[in-house]
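Undergrad: With the sequence up front, the predicted model follows.
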Amino acid sequence: MQCAARQRPLRDLARQVQKVERREADFGGWTGEIVWEAARVLVGLLAREPHWILNRRVLEVGSGCGLLGLAAGALGARQVTMTDQVTYMANYNLELNFQDQPEVRQRFRLQPLNWGNMEEITATEPPYELVLGADLMYNETLYSALADTLMHVSGPGTIVLWATPHGPEQDQRAAQFYQKLINHGFSIQDISTRPAVVEALKAAPNPYPRGPIHVLQMQLGQRQSRL
């Protein structure tokens, strides 16, 4: 995979994605095998509105091939921690794209992260100013651990940009996930009608196989419940 040609403008990260090269070492080939369209949507948003990430400390949950995290670093994040159960393909694509740009390469860290694993969450060194996640609600048995992870990597004021076909108004099965975040002090806003998001969504398949993609802005308030 080349998430972007190394000498191309940074905005091309939203356009130059190819399918990831499958690698047997990557946990049986399942994580990082493809680029989820929801990740492309968030990259499109960040490329159009880089103020979301400029000079911020960013965590990507469920990095897979790493497109979203790579875009965040390339577009001006101060530090990007890319996480997944296996980070083989994220690391492969990081080196492929930025090994000859040390000033960009040094912005990235890769950390293994199984959702809900407190030892691994602590190792990411939270809290973060911005958390990114794209199409991660594929298994409802993991919703509680995923919510716990978002809660533990966030601090007062943390913003979570979340692209998913499983929004709070679209999927009743996800209601407990969002309610758990709300109970912890998060506000949740669907920003799918924001002009930059509307433009980014035009790149997604219509219809998307698992339902329309929604982009949510979730922010932890200055006062939140104890974990």
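TA: All right, it came through fine.

Undergrad: next one: stretch 34-52 to chain centre, how far?
TA: Centroid separation between stretch 34-52 and its chain, computed with Cα atoms, centre = their mean, to the nearest Å, is 9 Å.

Undergrad: Ok, stretch 127-145 next?
TA: Distance, centroid of stretch 127-145 to centroid of chain: 8 Å (Cα atoms, centre = their mean).

Undergrad: distance between the ends of it?
TA: Its start and end residues considered, stretch 127-145 measures 17 Å (Cα to Cα, to the nearest Å).

Undergrad: so who does Arg57 touch?
TA: Ala77, Arg78, Gln79, Tyr128, Glu129, Leu130 (Cβ atoms under 8 Å, 6 or more residues apart in numbering). Every C-beta, even on glycine, is put in place using the N, C-alpha and C of the backbone.

Undergrad: Which strands and helices lie in contact with the helix or strand bottoming out on mean pLDDT in the chain?
TA: Within the chain, no helix or strand scores below helix 88-98, which has a mean of 87 by mean pLDDT, DSSP states H and E. Packing contacts for helix 88-98, counted by 3 or more Cβ pairs under 8 Å, 6 or more residues apart in numbering; DSSP states H and E, involve helix 67-74, strand 79-84, helix 102-105, strand 108-112.

Undergrad: repeat that with 6 Å
TA: The contact analysis (3 or more Cβ pairs under 6 Å, 6 or more residues apart in numbering; DSSP states H and E) places helix 88-98 against strand 108-112.

Undergrad: coming back round to it: what angle do the least confident helix or strand of the chain and strand 79-84 make?
TA: Orientation note: helix 88-98 sits at an angle of 140 degrees relative to strand 79-84 (axes from the mean of the first three to the mean of the last three Cα atoms, to 10 degrees).

Undergrad: got the CA positions of helix 88-98 in PDB?
TA: The C-alpha coordinates for helix 88-98 follow below in PDB (Å, rounded to 0.1, in the frame of the first residue of the first chain):
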ATOM      1  CA  TYR A  88       2.200  -4.600  11.600                       C
ATOM      2  CA  MET A  89       0.500  -3.000   8.600                       C
ATOM      3  CA  ALA A  90       0.400   0.400  10.200                       C
ATOM      4  CA  ASN A  91       4.100   0.300  10.800                       C
ATOM      5  CA  TYR A  92       4.700  -1.000   7.200                       C
ATOM      6  CA  ASN A  93       2.800   1.900   5.700                       C
ATOM      7  CA  LEU A  94       4.400   4.400   8.100                       C
ATOM      8  CA  GLU A  95       7.900   3.400   6.900                       C
ATOM      9  CA  LEU A  96       6.800   3.200   3.300                       C
ATOM     10  CA  ASN A  97       5.400   6.700   3.300                       C
ATOM     11  CA  PHE A  98       7.700   8.600   5.700                       C
END
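
Undergrad: contacting residues around the nearest residue to Ser154 once chain neighbours are set aside?
TA: With sequence-adjacent residues excluded and distances taken as Cβ to Cβ, 6 or more residues apart in numbering, Ser154 is closest to Leu220, at 4.7 Å. Residues near Leu220 by Cβ atoms under 6 Å, 6 or more residues apart in numbering: Ser154, Thr158, Gly185, Phe186.

Undergrad: Would you reformat the residues you listed as JSON lines and include distance to Glu120, pLDDT and secondary structure?
TA: Below are those laid out as JSON lines (distance: Cβ to Cβ, whole Å; pLDDT from 0 to 100; DSSP: H, G, I helix; E, B strand; the rest coil):
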{"residue": "Ser154", "distance to Glu120": "16", "pLDDT": "98", "secondary structure": "strand"}
{"residue": "Thr158", "distance to Glu120": "18", "pLDDT": "98", "secondary structure": "strand"}
{"residue": "Gly185", "distance to Glu120": "23", "pLDDT": "97", "secondary structure": "coil"}
{"residue": "Phe186", "distance to Glu120": "22", "pLDDT": "98", "secondary structure": "strand"}
